[in-house]
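Engineer: Turn this into a model:
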Amino acid sequence: MKWTKGATEGIVVAGGHGQGNDLNQLYWPKGATHGTVVVGGNGEGQGANQFKYLGGLSFGSQSREWLGTGYMQYARSFHSASLSTNGKVLVVGGYYWGALNSTELYDPSMGTWILGGNMNYARTSHTASVLTNGKVLVTGGYFNYTLNSTELYDPSTGTWTLTGNMTYARDSHTASVLTNGKVLVTRGIDYNAGALNSSELYDPSTGTWHLTGSMNYARYSHTVLILTNWKVLVTGGTGVNRFIGNSAEMYDPSTETWTIINSMHDGRYAHTVSILNNGKVLVTGGFMESALSSSELY
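Structural biologist: Take a look at the predicted model:
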């Protein structure tokens, strides 16, 4: 398969980090869940309709317009947002003049936010994954140093418990829940060791991690997507000396190995990736020397 440049229909792309003065800029959003709710972020510019932190926006798939919704209790960026099994949105950690350990829950039926239980560690640039048992796994991130700690959130009790540490501390990494229920964590950066090419698997049944196949390129701020054949596609990212990659690699869970596939046309990091109804993959935006407006199909 190969990459082609172009646009498509049916995907909502919101925000980003650009140089304009219009209020369509959010800071590195990781995408939104079906619903659609975009929370937090960091806007820049001189326009009167610029703001520093966003409470929330909801997108109506039928009305095709954005509506303001309730403000979070705490301003934050570089946080995570997860659609919980109870239908609420869990926002975790992030940054506001320092890393945060606070969490909040958004109720779509009310359009309101309430505070959740605090994590054991403040963290920013972490990941959050909803497991098959309904719990939420938060991994890594940064708080004065890069973290290898991981925590589990139980929506039935609203509490956090520590679980097994990753082998390597990392932030700006990715985490994917595989069909076997395990969680694959890839790449990232440890500010003492630099960009990483390692990947690890978390087993929820034992609460432990083990190293799986190493990737061919060390990167962070890349993207990941589980394909219809259940393989995992990783694209782009930045690495040593801020080199921005256009490489793409495929992970096979059955063999725990990585394979290099055709490269994208443009190097990019902090971009988004979506799978379409026809099985193709849409990559949009990101950074190279500046914010990108280009998109590619795989």
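Engineer: Hmm, Phe143 and Ala99 touching each other?
Structural biologist: Yes. With contact defined as C-beta atoms under 8 Å, Ala99 counts as touching Phe143 (4.1 Å). Just so you know, the C-beta spots here come from the backbone N, C-alpha and C atoms, and that holds for glycine as well.
Engineer: joint contacts of the two?
Structural biologist: Common neighbours of Ala99 and Phe143, counting by C-beta atoms under 8 Å, 6 or more residues apart in numbering, are 122-124.
Engineer: Go through these and give me the one with the most neighbours.
Structural biologist: Greatest neighbour count in the shared contacts of Ala99 and Phe143, by other C-beta atoms under 10 Å, goes to Arg123: 29 neighbours.
Engineer: thinking that one is in contact with Phe143, fair?
Structural biologist: Yes. Using C-beta under 8 Å, Arg123 is in contact with Phe143, at 5.4 Å.
Engineer: Overlap of the contact sets of those two?
Structural biologist: Contacts common to Arg123 and Phe143, judged by C-beta under 8 Å, 6+ apart, are Ala99.
Engineer: before we move on, the earlier item: which of the shared contacts of Ala99 and Phe143 sits closest to Thr186?
Structural biologist: Taking C-beta to C-beta as the measure, Thr186 lies nearest Arg123 of the shared contacts of Ala99 and Phe143, at 17.8 Å.
Engineer: wait, what's in contact with the closest one?
Structural biologist: Shown in contact with Arg123 (C-beta under 8 Å, 6+ apart): 93, 99-101, 138, 140-143, 147, 171.
Engineer: hang on, the earlier thing: check the shared contacts of Ala99 and Phe143 against Tyr298 and report the nearest one.
Structural biologist: Thr124 (30.1 Å).
Engineer: Need phi/psi at the closest residue to Met215 other than its chain neighbours.
Structural biologist: Beyond its immediate neighbours in the sequence, the residue positioned closest to Met215 (C-beta to C-beta, 6 or more residues apart in numbering) is Asn197, lying 4.4 Å away. Per-residue torsions, Asn197: phi -110, psi 0 (degrees, to the nearest 10).
Engineer: ok so, going back, in JSON lines: the shared contacts of Ala99 and Phe143, plus pLDDT and distance to Ala218.
Structural biologist: As requested, those are arranged in JSON lines below (pLDDT from 0 to 100; distance: C-beta to C-beta, whole Å):
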{"residue": "Ala122", "pLDDT": "98", "distance to Ala218": "26"}
{"residue": "Arg123", "pLDDT": "98", "distance to Ala218": "22"}
{"residue": "Thr124", "pLDDT": "97", "distance to Ala218": "21"}
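Engineer: I am finished for the moment; much appreciated.
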